[in-house]
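Visitor: Predicted model, plus sequence, below.
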Amino acid sequence: MEKILIVEDEKKIARIVELQLKYAGYETDLAQDGAEAIDKCLKNNYDLILMDLMMPKVDGLTACKEIKKHDPNNKIIMLTAKDDIQDVITGLDSGADDYVTKPFIFDELLARIRANMRKTASVVAPLSEEILQFEDLFINTVTYEVSRKEDPIELSKTEFDLLKHLVINKGIVLTREQILNKVWGYDYYGSLNIVDVYIKYLRDKIDRNYDRKIIQTVRGRGYVVK
């Protein structure tokens with residue numbers, strides 16, 4: 001049975017989420033603040049973590065960073081009452097794989113959980129090393145290493161998947177819907193804005209420090225690597 005850690009300081013919300021997840025067939029564990037969440041993640045293995053953003057002692061962003069340092073493959077969905085784009089970027093920057101804004105419909109949260117777990121389960125290492133190259137950008141699809149002009153670039157799992165998809169389809173303009181379906185999955189019910197958020201974050205890492213900008217926007221259509 002898949003196990004989910006619920007990190008939420010509001011006991012009523014935590015209890016409601018816990019009961020709903022158990023009804024959906026998941027095993028659950030609870031943490032009331034970021035410090036407890038970090039400690040539990042060091043001692044236990046979870047298939048996914050639901051992390052509240054605003055908590056006492058250690059907040060969700062700090063806890064997310066520490067948990068990802070210990071195991072970058074941990075799947076973390078941030079739960080936040082804030083829907084400002086900068087707060088979303090900050091959450092993703094801390095290592096979160098996805099986010100859901102409060103108040104949320106539980107069916108939507110459940111769909112996000114399933115989509116993120118499915119992404120983890122579907123990752124299968126190729127039998128032989130495969131290197132993708134676009135000009136001075138190199139992507140190792142086995143080791144998940146990325147470099148540009150021999151400068152190593154650290155990417156989260158979702159950022160890596162997005163960049164890989166763009167490079168594989170270099171020269172082809174991809175709509176936000178196409179990107180969302182491929183990278184996040186067809187059953188992702190969140191906002192299309194998450195694509196824009198990740199494109200911005202990817203540009204900060206791939207293009208910002210280089211004269212040649214390879215991730216381009218085609219107004220009214222989508223994004224393309226060319």
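Guide: Noted; the coordinates are in hand.
Visitor: What residues does the residue nearest to the spatial centre of the chain make contact with?
Guide: The centre of the chain sits closest to Asp97, judged by C-alpha atoms, centre = their mean, with a distance of 1.7 Å. By C-beta atoms under 8 Å, 6 or more residues apart in numbering, the contact set of Asp97 is 75-77, 116, 156-158. Glycine gets a C-beta too; all of them are placed from N, C-alpha and C.
Visitor: Check the residues you listed for the minimum pLDDT and say which it is.
Guide: Lowest pLDDT within these is found at Asn116 (80).
Visitor: ok, it touching Asn73?
Guide: No. Using C-beta atoms under 8 Å, Asn116 is not in contact with Asn73, being 11.6 Å away.
Visitor: Give me the more crowded residue out of the two.
Guide: Asn116 (22 against 8; other C-beta atoms under 10 Å).
Visitor: check contacts around Leu42.
Guide: Residues in contact with Leu42 (C-beta under 8 Å, 6+ apart) are His70.
Visitor: Please state the offset of the helix or strand where it lies from the chain centre?
Guide: Using DSSP states H and E, the element containing Leu42 is helix 34-43. Centroid displacement of helix 34-43 relative to its chain, using C-alpha atoms, centre = their mean, to the nearest Å, is 20 Å.
Visitor: ok, what's across the strand from Phe134?
Guide: Leu137 (DSSP bridges).
Visitor: Output the very next helix or strand once past the helix holding Leu42 as PDB, restricted to C-alpha atoms.
Guide: In the C-terminal direction, the helix or strand that comes right after helix 34-43 (DSSP H and E) is strand 48-52. The C-alpha coordinates for strand 48-52 follow below in PDB (Å, rounded to 0.1, in the frame of the first residue of the first chain):
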ATOM      1  CA  LEU A  48       4.500  11.100  -1.500                       C
ATOM      2  CA  ILE A  49       4.500  14.100   0.900                       C
ATOM      3  CA  LEU A  50       1.700  16.700   1.200                       C
ATOM      4  CA  MET A  51       3.500  19.700   2.600                       C
ATOM      5  CA  ASP A  52       1.700  22.800   4.000                       C
END
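Visitor: Now the following helix or strand past strand 48-52: buried residues?
Guide: Going down the chain from strand 48-52, the next helix or strand is helix 60-70, by DSSP H and E. Neighbour-count burial for helix 60-70 flags 60-61, 63-64, 66-68 (criterion: 16 or more other C-beta atoms under 10 Å).
Visitor: Go ahead and name everything in contact with the helix or strand bottoming out on mean pLDDT in the chain.
Guide: When each helix and strand of the chain is scored by mean pLDDT, DSSP states H and E, helix 85-93 comes last, with a mean of 72. Contacts with helix 85-93, where a contact means C-beta under 8 Å, 6+ apart, come from 53, 60-61, 64, 78, 80, 82, 99, 156, 193-194, 197-198, 200-201.
Visitor: buried residues in the helix holding Leu42?
Guide: For helix 34-43, the neighbour count (16+ other C-beta under 10 Å) marks 34-38, 40-41 as buried.
Visitor: All set now, cheers.
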